[in-house]
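In: sequence plus the predicted model coming up.
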Amino acid sequence: MMGQGPAPFLELQGVTKRYPNGTLALTDISLAVGAGEFLAIVGASGCGKSTILRHVAGLVAPTSGRIAWAQPAATGGIGPGGIGMVFQEPTLMPWARIQDNVRLPLDLAKVPRAEADARVSALLAQVGLADFARAYPRELSGGMKMRASIARALVTRPRLLLMDEPFAALDEITRQKLNDDLLALWREQRFTAMFVTHSVYEGVYLANRAIVMAPRPGRIHADIPLDLPYPRDEALRTDARYAAACRTVSLALAEAMRPPGRPSGESAA
Ligand SMILES: Nc1ncnc2c1ncn2[C@@H]1O[C@H](COP(=O)(O)OP(=O)(O)OP(=O)(O)O)[C@@H](O)[C@H]1O
Ligand SMILES: [Mg+2]
């Protein structure tokens, strides 16, 4: 399957996860991610989306199965050249200025201060926060805090960016703007992206591939290529191909939610 696609980057091989309390969160997840791909992971609440990201980030270990990396260097964990992670909440340190929040991963990696400052400034400019470098998180709007979180995740130039519903709490306009900014960063920095979202529309707008998960226990129900051209912009939102792709993913999601044994016709009695 990876034959003519992008070079392999990481692969979940038969990953099953049972949490200590007995919850079977994932069962037999096999998923190969190519270098530079942008994956959207969609599925109902509780179907194991965050659990997949936690495994890839190395924050939890599978009960069985494994995560294989094409290049061992990519496993470097969260930090320089490794993995960047953006959570649903911006998780900024309230007592530190935005520039200090964004510089934190570089400080932890002992990157020389002058170089770190230069990278922080460049990235803050890219996410539209140049004028807020010296502000505190409480002085920023929700969308601006999220921009700062994205800058912090990208400042180490990770090869893999994991995002767990990063824009769920934002209004639609801000969310669409951040989607465009994220795509611009992705096209420029060429990282591999795994983006969890509840929104089919957001996932299809961003990704070149949608992974649709089914619940109880969490498993992959469908793996749908999204062959819409990049760069993507507002015009795509009214494009018939976009509407068709959204419909395909939505139908797969509805199918994934159907309890076992229920007929698959569209007209539920
Ligand atoms: N640390 C934990 N200990 C025990 N069970 C957990 C733990 N974390 C998650 N779970 C359970 O594992 C299942 C998958 O959880 P997960 O957080 O991965 O779902 P999700 O798809 O991200 O959901 P949501 O869309 O609500 O964020 C759920 O049933 C959840 O209750
Ligand atoms: Mg989650």
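Out: That came through fine. Numbering: from 1, shown residues only. Ligands and ions are numbered 1, 2, ... in the order given.
In: near ligand 1, which residues of this structure?
Out: By Cβ under 6 Å from any ligand atom, the residues of the chain that approach ligand 1 are 19, 21, 23, 25, 43, 45-51, 218. Any C-beta I mention is one placed from the backbone N, CA and C, and that applies to glycine too.
In: go with 8 Å
Out: Neighbours of ligand 1 within the chain, by Cβ under 8 Å from any ligand atom: 17, 19-21, 23, 25-26, 43-52, 54, 60, 88, 164-165, 196, 198, 213, 215-216, 218.
In: out of these, which are inside helices?
Out: Of the positions in those, K49, S50, T51, I52, R54 sit in helices, assigned by DSSP state H.
In: so which of those residues is the most crowded?
Out: Greatest neighbour count in those, by other Cβ atoms under 10 Å, goes to I52: 28 neighbours.
In: pLDDT score assigned to whichever residue of the stretch 101-250 of the chain sits closest to ligand 1?
Out: The nearest approach of the stretch 101-250 of the chain to ligand 1 comes at G218, 5.7 Å away (Cβ to the nearest ligand atom). The model reports G218 with a pLDDT of 96.
In: my guess is G36 contacts P6, does it?
Out: Yes: with contact defined as Cβ atoms under 8 Å, G36 reaches P6; the gap is 5.5 Å.
In: the stretch 101-250 of the chain: helices as residue ranges?
Out: Counting by DSSP state H, counting those that start in this stretch, the stretch 101-250 of the chain has helices at residues 113-126, 142-154, 172-189, 200-206, 240-257.
In: can you name every helix or strand that the second one contacts?
Out: If contacts are counted by 3 or more Cβ pairs under 8 Å, 6 or more residues apart in numbering; DSSP states H and E, helix 142-154 sits against strand 83-86, helix 98-108, helix 113-126, helix 172-189.
In: which residues touch W186?
Out: F38, L161, A193 (Cβ atoms under 8 Å, 6 or more residues apart in numbering).
In: okay, now the first one: neighbour count?
Out: What that stands for is F38. 22.
In: likewise for the second one?
Out: A count of nearby residues for L161, using other Cβ under 10 Å, gives 23.
In: now do Q88
Out: So Q88, with other Cβ under 10 Å, has 16 neighbours.
In: tell me who's in contact with it.
Out: D164, E165, P166, A168, A169.
In: surely L178 meets A148?
Out: No: assessed by Cβ under 8 Å, L178 is found out of contact with A148, at 11.7 Å.
In: for the spatially closest residue to R190 that is not a sequence neighbour, give me its contacts.
Out: The shortest distance from R190 to any residue other than its chain neighbours is 5.4 Å, reached at G36 (Cβ to Cβ, 6 or more residues apart in numbering). Going by Cβ under 8 Å, 6+ apart, G36 touches P6, F9, R190, F191, T192.
In: just the residues you listed: which are in strands?
Out: The members of the contacts of G36 that map onto strands under DSSP state E are F9, T192.
In: if you rank the contacts of G36 by neighbours, which is first?
Out: That'd be T192 among the contacts of G36, by other Cβ under 10 Å, with 22 neighbours.
In: report the beta-bridge partners for that residue.
Out: Taking DSSP bridges, one finds L160 as the beta-bridge partners of T192.
In: over to V42?
Out: Under the criterion used (DSSP bridges), V42 bridges to V212.
In: cool, and G218?
Out: Beta-bridge pairing for G218 (DSSP bridges): L26.
In: right, and it touches A44 too?
Out: No: using Cβ under 8 Å as the test, G218 is too far from A44 to be in contact (9.7 Å).
In: quick one: which of those two has more around it?
Out: G218 (26 against 15).
In: against L251, how distant is the more buried one?
Out: Going from G218 to L251 by Cβ to Cβ, to the nearest Å gives 20 Å.
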